[in-house]
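S.K.: with the sequence up front, the predicted model follows.
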Amino acid sequence: MQDWIKIQTFDKIHQAELRKDILEENDIESVIINEKDSLFLLGEIELYVKNKDKSKANALIDEFFGLTKINSFFLYKPIKLFYDILVNEGINVVLMEKKDKDFLLDNFELFIENDKIEDVVPYLTGEKLTGWKKVESCLHTRQVRFRVEILDKNNIDAIVIKKKDSNLHVEEINIYVQDESFEKAKTTLTILQDWVIVKTYDKLHRAEIREDLLGKNNIRAIIKKKTTNEYDLLVKTDLLNKSLDVIKNKKEWIKIASTNSNYKAQIVREKLELEKIDAIVINQKDSMFLLGEYYLYVDEIMVDKAKKILELN
């Protein structure tokens, strides 16, 4: 890897990913090389940056040394409620707000000292969340946001906790409400008053593509799992006809690229949209191999033009 230099090694992949996120949020390109044998768990996980970025990268990492991110969301209230729960239990956590970001994702974050992670795990799993009950789970942050906002409009407080696997990769995002609000919350999210089904899809990513498309047309859409292989796409009743027109007038979407970095995917998306090419990013993360987790889709009639732009960049 010419012009690249290794700046740190780690035992766990999530440790490297935390630093990688910090670097990319500050416009420093980085690469994780996992040399660990998946069977014998031998070897190291290495973090590389460009030679020219070495000093700045080390300074940024030193600033966060000793801390691990345990939860995040781009609405303040659900994170602050969870923060209060942990503090009241005597757990020392740090609440940080990201500022001056290109993409307002995971804007409010909770950190804990590395050697205290075990103390917070029972709260992240819900085991010690006394007085709170999980009301619903989603795979994507935006879908959680819509549900939390619906609950808030119905005067129901909610906290959001990201369930992670053994390597701290997000598997699902859980919404918790207080015990006394559970039935009301469940009914609210089940009935979804004033919302109507636009269409049902046999694959989650097909529903996600249309949900993103509607969002670009200022139409909020909620995805609900109907059965194992069916997903309903819902919008507000008064926007049904507009939604049908938007979906009907678009052709099929084609996957043209993949990356293991959401930051890079969003940068490419912005470049394409500056060239008047609609593009969307779908998270299809494989938590085992950490490859191709973010897929970039464009309208089929724009595939050739999009690929030429990617080749030039």
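M.R.: Structure received. Predicted model only: the values in this text are computed from it and were never measured.
S.K.: quick one: residue 145 from residue 220, how far?
M.R.: As judged by Cβ to Cβ, to the nearest Å, residue 145 and residue 220 stand 10 Å apart. Placement of C-beta: from N, CA and C, glycine included.
S.K.: whoops, residue 108 was the one
M.R.: In this view, residue 108 and residue 220 are 21 Å apart by Cβ to Cβ.
S.K.: comparing those two, which shows the higher neighbour count?
M.R.: Comparing residue 108 with residue 220 by other Cβ atoms under 10 Å, the one with more neighbours is residue 108, at 21 against 17.
S.K.: what pairs with the more buried one across the strands?
M.R.: Note on residue 108: beta-bridge partners residue 73, residue 97, judged by DSSP bridges.
S.K.: wait, isn't it in contact with residue 73?
M.R.: Yes. Residue 108 is in contact with residue 73 according to Cβ atoms under 8 Å; the separation is 6.0 Å.
S.K.: name the residues contacting each of those two.
M.R.: Common neighbours of residue 108 and residue 73 (criterion: Cβ atoms under 8 Å, 6 or more residues apart in numbering): residue 79.
S.K.: point out where the stretch 101-250 of the chain drops to low pLDDT.
M.R.: Along the stretch 101-250 of the chain, segments meeting pLDDT under 70 span 101-106, 164-170.
S.K.: all helices of it, in order?
M.R.: Listed in chain order, the helices found in the stretch 101-250 of the chain under DSSP state H, counting those that start in this stretch are 117-124, 141-153, 182-191, 204-216, 240-248.
S.K.: contacts for the third one?
M.R.: Contacts made with helix 182-191 from outside it, assessed by Cβ under 8 Å, 6+ apart, are listed as 133, 135, 136, 147, 150, 151, 154, 156, 158, 177.
S.K.: among those, which pair sits farthest apart?
M.R.: Largest separation among those by Cβ to Cβ: 133 and 150, giving 17.3 Å.
S.K.: quick check on residue 76: phi, psi?
M.R.: phi -70, psi -50 (degrees, to the nearest 10).
S.K.: show me the strands in the stretch 151-300 of the chain, by range?
M.R.: Assigned by DSSP state E, counting those that start in this stretch, the strands in the stretch 151-300 of the chain fall at 158-164, 170-178, 195-201, 222-227, 230-236, 253-259, 279-283, 294-299.
S.K.: parallel or antiparallel, list what pairs with the shortest one.
M.R.: Take DSSP bridges as the rule and strand 279-283 pairs in its sheet with strand 294-299 (antiparallel).
S.K.: so what touches the partner strand?
M.R.: For strand 294-299, contacts defined as Cβ under 8 Å, 6+ apart pick out 205, 209, 250-262, 264-265, 268-269, 272, 277-285, 306.
S.K.: report the angle between the helix or strand just after that strand and strand 279-283.
M.R.: Per DSSP states H and E, the first helix or strand lying C-terminal to strand 294-299 is helix 303-312. Here the directions of helix 303-312 and strand 279-283 differ by 80 degrees (axes from the mean of the first three to the mean of the last three Cα atoms, to 10 degrees).
S.K.: next one: helix 303-312 to chain centre, how far?
M.R.: Relative to its chain's centre, helix 303-312 lies at 26 Å (Cα atoms, centre = their mean, to the nearest Å).
S.K.: pull out the buried residues from it.
M.R.: Buried residues in helix 303-312, counted by 16 or more other Cβ atoms under 10 Å: 303, 306, 309.
S.K.: out of these, flag the one nearest to residue 86.
M.R.: Using Cβ to Cβ, the buried residues of helix 303-312 come closest to residue 86 at residue 306, 44.6 Å.
S.K.: how much space separates the nearest residue to residue 201 once chain neighbours are set aside from residue 234?
M.R.: In this structure, residue 201 finds its nearest non-sequential neighbour in residue 207, 4.4 Å apart by Cβ to Cβ, 6 or more residues apart in numbering. Residue 207 sits at a distance of 10 Å from residue 234 (criterion: Cβ to Cβ).
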